[in-house]
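[1] pasted the sequence and its predicted model underneath.
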Amino acid sequence: MRKKSILILIVLVACITAAMLTLSVVNARRFSERLWKESSVVKIGEAVNNPRGRMVDALIKTRLHPGMGRNEVILILGLPDEPTHANDDLIWYDLGANSGGMFIHATDHLTLEFNQNGVLKTIEVRRSD
């Protein structure tokens, strides 16, 4: 009986782990320049389930890298969500409401820092925990 209970527990843990991995893969999304630009929280007025949060990892892996010029970044992502940030060394894009966490309570951001020559220095996803 004890061996059967342990086996059931192992199978249950394996099923839960597989389900969690599947959900993270399903929720992840390839980067789409068109969808990114259409999904501005300012434009759509929707912070929850914003596709940007699910695309940001792919964006960072495949399209953004230090050394890019500000204009090249803006060509890919569109203008920053807040126009006042367009000429600063630090610009950001809304990712939606807590795109990576368990609870929805604040908006996450993709933050890009440029040097004085307009060259991308750092890429950071600021998640609201």
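    Arrived safely, thanks for sending. Numbers count the residues shown, from 1 in each chain.
[2] isn't S40 right up against L95?
    No. With contact taken as Cβ atoms under 8 Å, S40 and L95 are classed as non-touching, separated by 10.6 Å. Bear in mind the C-beta positions are built from the backbone N, C-alpha and C, glycine included.
[3] so the two - more neighbours on which side?
    Taking neighbours as other Cβ atoms under 10 Å, S40 and L95 compare with L95 leading, 27 against 19.
[4] sec struct for the more buried one, please.
    On the three-state scheme (DSSP: H, G, I helix; E, B strand; the rest coil), L95 is labelled strand.
[5] look up how far T107 lies from it.
    L95 sits 7 Å away from T107 when distances are taken as Cβ to Cβ, to the nearest Å.
[6] same question for T122.
    If you go by Cβ to Cβ, the gap between T122 and T107 works out to 20 Å.
[7] with neighbour numbers in mind, choose between those two.
    Between T122 and T107, counted using other Cβ under 10 Å, T107 has the larger neighbour count: 20 against 11.
[8] what about the nearest residue to L35 once chain neighbours are set aside, neighbour count?
    Leaving aside its chain neighbours, L35 sits nearest to P51 (5.5 Å; criterion: Cβ to Cβ, 6 or more residues apart in numbering). For P51, the neighbour count with other Cβ under 10 Å is 18.
[9] so what's P51 up against?
    Each residue near P51 by Cβ atoms under 8 Å, 6 or more residues apart in numbering is listed here: R29, S32, L35, W36, S39, G96.
[10] and if you look at K37?
    Taking Cβ under 8 Å, 6+ apart, we find K37 in contact with L77, G78.
[11] that one: what secondary structure?
    K37 carries the three-state label helix when classified by three-state DSSP.
[12] list the buried ones in whatever helix or strand G53 lives in?
    Secondary structure from DSSP states H and E places G53 in helix 51-62. Taking 16 or more other Cβ atoms under 10 Å as the basis for neighbour counts, the residues of helix 51-62 that come out buried are P51, R52, G53, R54, M55, V56, L59.
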